[in-house]
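Enquirer: The following block contains a protein sequence and its predicted model.
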Amino acid sequence: MKRSVIILMGALFFSCSYSEKTTEANTMKEEIAQNNKNSVKAFFKALEAENVDAIVDLFAADAKHINPYHSGIFPKGATGKEGIRAYWTPVFPNFDGMTFPIEELYAMENPNKVFVKYAGNIQLKNNAGIYNNDYYSTFTFNEDGKITEYVEIFNPIVAAQGFRLTDKITQHKPFTMKKIQFKSEGLNLVGNLYFPPNYQEGKQYPTIVCSGSWTTVKEQMAGLYAQRFANEGFITLAFDFRNYGESEGVPRSWENPTMKIQDIKNAITYLETLPEVDKNNIGAFGVCAGSMYTLMASSEDDRIKAVATTASWLHDAEAVKLFYGGEEGVQQRIAAAQAAKKKYAETGEFSYIKAISTTDETAAMFGEFDYYLNPERGAIPQWNADQFAVATWEDWLTLDPFPSASKLNKPLFMVHSDGCVLPDYTKKYFEAVPSKNKELVWVETDLASPMHQFAFYDQDKEVSLAVEKTSEFFRTNL
């Protein structure tokens, strides 16, 4: 009898203990599920508030945003916090507001997986109406409650109709890109090669080498224009010049025009080895100081069949005085560069100043230049805002591209405005070019010089205008 009672009591104890553990586990599971569902709600609130920072904060460092039914008219998605930031930042300016009413929201058996069904009500710009679609998404969370995967599913046909892009569905796919390497004077340079949406192996394509402003890397304006030109049907190359980004060369961040001009020529030599490149139809494109290097390289290299620039920076000995403290400021910088070169030759040590600063007047760029200060624009991790080789000053301040104009007897296309830098100098260079096949597009703006310059680095209005008109030029001449 006693034995039976003991067994019964033991069974009851085990049952209670198991039940308590199960209840505890279920409670924890419900808490995780509720927290994750709240994060999903926070995601849609951030979308409606157009708060990019709040959106990015919800994602894990290695998160993925997957858009499986992009159909070639929307981005495939994004990877990592910065990729997700880059995905959403340009979205909001295109609309006049959006709401995403949630219809169903529940956690799956695994509480770190949440399913949501919702609607999208998006007000189009210029009173063009409201775009509606139905959405189904899954959110996967890690143990810290951060989103590791967001899958966005919608009806691509409805989307294409809503944005009047039905004709694009079968015609356009997102650009493709591969990282490449080539040699320039014995040093290894790294670039990104972009392909047209409907690229076909075995076919040759007209090709464009793209160069950005001084001190920049391939992920800034050169890469942006390369991507956009690729979507227009060209193979394009954006690369890191010697001393910058992923390419070799020291001192780092040394803006040496002679080297950059030679790097452009060596990029042409590399492109000629690729079977997909039409060797007889290679063009060159430059933004800001990249225009100066591109024009000079094009005047010396007959393999470049056509050349185009946007917001060109073209200076001479008088122009540099306007930016660098007059004759005294220019000579001080040249003397500093010569001293830095002497120090490097004797000790192997490099002298640097900041590339940009709003407080340090010795910086290469001193002022509130948002493109280089804003991480959502040009202040990206690949670019070094704290490093500018002092040795640069002599090479930069003594450069004069104007003698090259008389040798540039080939198709030329330039985009500029009174709000860009040194507008009269762009006109002067254009007029000195002997080619009869040349065009200068002057863009109207209310912005004072040089503030319109920066808009051509990454703002959609200016970039789209430049890409559209320059693509027509290259299609005609390549």
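Expert: Looks like it arrived, so ask away.
Enquirer: now the host helix or strand of residue 345, how far from the centre of its chain.
Expert: Secondary structure from DSSP states H and E places residue 345 in helix 326-347. Relative to the chain's own centre, helix 326-347 is displaced by 34 Å; criterion: Cα atoms, centre = their mean, to the nearest Å.
Enquirer: Give me the secondary structure label for residue 431.
Expert: helix (DSSP: H, G, I helix; E, B strand; the rest coil).
Enquirer: do you know how far it is from residue 438?
Expert: 9 Å (Cβ to Cβ, to the nearest Å). C-beta coordinates here come from the backbone N, C-alpha and C atoms, glycine included.
Enquirer: and if you look at residue 408?
Expert: Following Cβ to Cβ, the distance that separates residue 408 from residue 438 is 9 Å.
Enquirer: what residue ranges in this protein score low on pLDDT?
Expert: Scanning the chain for pLDDT under 70 picks out 1-22, 70-74, 125-129, 156-175.
Enquirer: Domain map for it?
Expert: 28-168, 176-315+399-477 (automatic domain parsing).
Enquirer: Now render those domains as TSV, adding mean neighbour count and distance to residue 328.
Expert: Output for those, formatted as TSV (neighbours: other Cβ atoms under 10 Å; distance: least, Cβ to Cβ, whole Å):
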stretch	mean neighbour count	distance to residue 328
domain 28-168	16	42
domain 176-315+399-477	20	17
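Enquirer: Tell me which of the ones you listed approaches residue 385 most closely.
Expert: Across the domains of the chain, residue 385 has its closest neighbour in domain 176-315+399-477 (9.0 Å, Cβ to Cβ).
Enquirer: for that closest one, how far is the first residue from the last?
Expert: Using Cα to Cα, to the nearest Å, the span of domain 176-315+399-477 from its first residue to its last is 24 Å.
Enquirer: now the domains of the chain as CSV including distance to residue 384?
Expert: Output for the domains of the chain, formatted as CSV (distance: least, Cβ to Cβ, whole Å):
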stretch, distance to residue 384
domain 28-168, 16
domain 176-315+399-477, 6
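Enquirer: All the helices of the stretch 1-150 of the chain, in order from the start?
Expert: Secondary structure of the stretch 1-150 of the chain (DSSP state H, counting those that start in this stretch): helices located at 2-49, 52-57, 80-88.
Enquirer: tell me which strands and helices the last one is in contact with?
Expert: Right, the one you point to is helix 80-88. helix 52-57, strand 59-66, strand 77-79 (3 or more Cβ pairs under 8 Å, 6 or more residues apart in numbering; DSSP states H and E).
Enquirer: Same question for the second one.
Expert: Where contact means 3+ Cβ pairs under 8 Å, 6+ apart, helix 52-57 is packed against helix 2-49, helix 80-88.
Enquirer: got a list of contacts for the helix or strand hosting residue 238?
Expert: According to DSSP H and E, residue 238 maps onto strand 235-239. With contacts defined as Cβ atoms under 8 Å, 6 or more residues apart in numbering, strand 235-239 is touched by 180, 182, 189-196, 199, 205-212, 218, 222-223, 225-227, 229-230, 247, 263, 267, 271, 274, 276-277.
Enquirer: Just the C-alphas of it, formatted as CSV.
Expert: Extracted in CSV, the C-alpha atoms of strand 235-239 (Å, rounded to 0.1, in the frame of the first residue of the first chain):
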residue,chain,number,x,y,z
ILE,A,235,29.4,47.8,-70.7
THR,A,236,31.0,50.1,-68.2
LEU,A,237,34.0,50.2,-65.8
ALA,A,238,34.4,52.1,-62.6
PHE,A,239,37.7,51.5,-60.8
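Enquirer: can you give me the helices for the stretch 351-478 of the chain?
Expert: With DSSP H, counting those that start in this stretch as the criterion, the stretch 351-478 of the chain has helices at 370-373, 392-397, 423-432, 451-458, 460-477.
Enquirer: With residue 314 as the reference, name the closest of the ones you listed.
Expert: So among the helices of the stretch 351-478 of the chain, helix 423-432 is nearest, using Cβ to Cβ, at 4.5 Å.
Enquirer: helices or strands up against that closest one?
Expert: Using 3+ Cβ pairs under 8 Å, 6+ apart, helix 423-432 sits against strand 412-417, strand 438-443.
Enquirer: Save the ones you listed as a markdown table, and put in distance to residue 311 too.
Expert: Below are the helices and strands packed on helix 423-432 laid out as a markdown table (distance: least, Cβ to Cβ, whole Å):
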| stretch | distance to residue 311 |
| --- | --- |
| strand 412-417 | 6 |
| strand 438-443 | 9 |
